[in-house]
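Chemist: only the shape, not the letters, is given here:
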């Protein structure tokens, strides 16, 4: 039990649609990161938020965006979905000064 | 962040120690070695991390060579529940949020 909860667990969307994935972290975890994991591969870093501002981004296009809220929840938004966006999306949170990141169970997104 | 190299797979008998190697020959002085594992279709689970000294916790031991170019994760008494993909990651203090995952090592524990 990591204290990081993601919703929904599974989602099916049509190409071109928009999707919002949610993550709820433990109290005091001011840093949240999002990852995309395609089948058979390791997770790939999308971006990180600290105190509601993006402060690091991986090699993902602007149609991947996020929000972080004061209540330790966060969102990943993906616009104009493509078939290759089908993946497991993971969020990870870390408390200020902590060295470990705790991952949620992920949201399995399927784009058809 | 430095890249890591791990064997793609390894088998281990239940009850025996599992020794998982990781090469990180380009590691720099301020980079930590982290180990996570991922059981099928679940989120990665933190195992252990270290800088230069060997570390031990209730899950595993981490042995880092003196030159820090490689490390070994030791699961002292493997169980069937330890079957998972194990990721060795090197991360600096200036990129706290970004874990650069490789392909990891698929460990299968057999009865």
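Modeler: Cool, got the structure. None of the values given here were measured: they were computed from a predicted structure.

Chemist: any idea how far residue A:41 is from residue B:109?
Modeler: Residue B:109 is 23 Å from residue A:41, where distance means C-beta to C-beta, to the nearest Å. C-beta coordinates here come from the backbone N, C-alpha and C atoms, glycine included.

Chemist: out of the helices and strands in chain B, which is least certain?
Modeler: Using mean pLDDT, DSSP states H and E, the weakest-scoring helix or strand in chain B turns out to be strand B:84-92, at a mean of 92.

Chemist: output the contacting helices and strands for that strand.
Modeler: Secondary-structure packing of strand B:84-92 (3 or more C-beta pairs under 8 Å, 6 or more residues apart in numbering or on different chains; DSSP states H and E): strand B:18-23, strand B:31-38, strand B:70-75, strand B:105-110.

Chemist: just name the most buried of those strands.
Modeler: strand B:31-38 (a mean of 23; mean count of other C-beta atoms under 10 Å in any protein chain shown).

Chemist: per-residue confidence at residue 55?
Modeler: Defaulting to chain A. On pLDDT, residue A:55 comes in at 88.

Chemist: my question was about chain B, not that one.
Modeler: We have a pLDDT of 96 for residue B:55.

Chemist: and it, what are its bridge partners?
Modeler: Bridge pairing for residue B:55 (DSSP bridges) gives the partners residue B:62.

Chemist: same question for residue A:87.
Modeler: Going by DSSP bridges, residue A:87 is paired in beta bridges with residue A:109.

Chemist: how far away is it from residue A:35?
Modeler: Using C-beta to C-beta, which is the criterion applied here, residue A:87 is 9 Å from residue A:35.

Chemist: looking at these two, which is more packed in?
Modeler: Counted by other C-beta atoms under 10 Å in any protein chain shown, residue A:87 and residue A:35 do not tie: residue A:35 has more neighbours, with 26 against 20.

Chemist: quick one, what contacts that one?
Modeler: When contacts are counted by C-beta atoms under 8 Å, 6 or more residues apart in numbering or on different chains, residue A:35 touches A:43, A:44, A:45, A:46, A:89, A:90, A:91, A:92, B:99, B:101.
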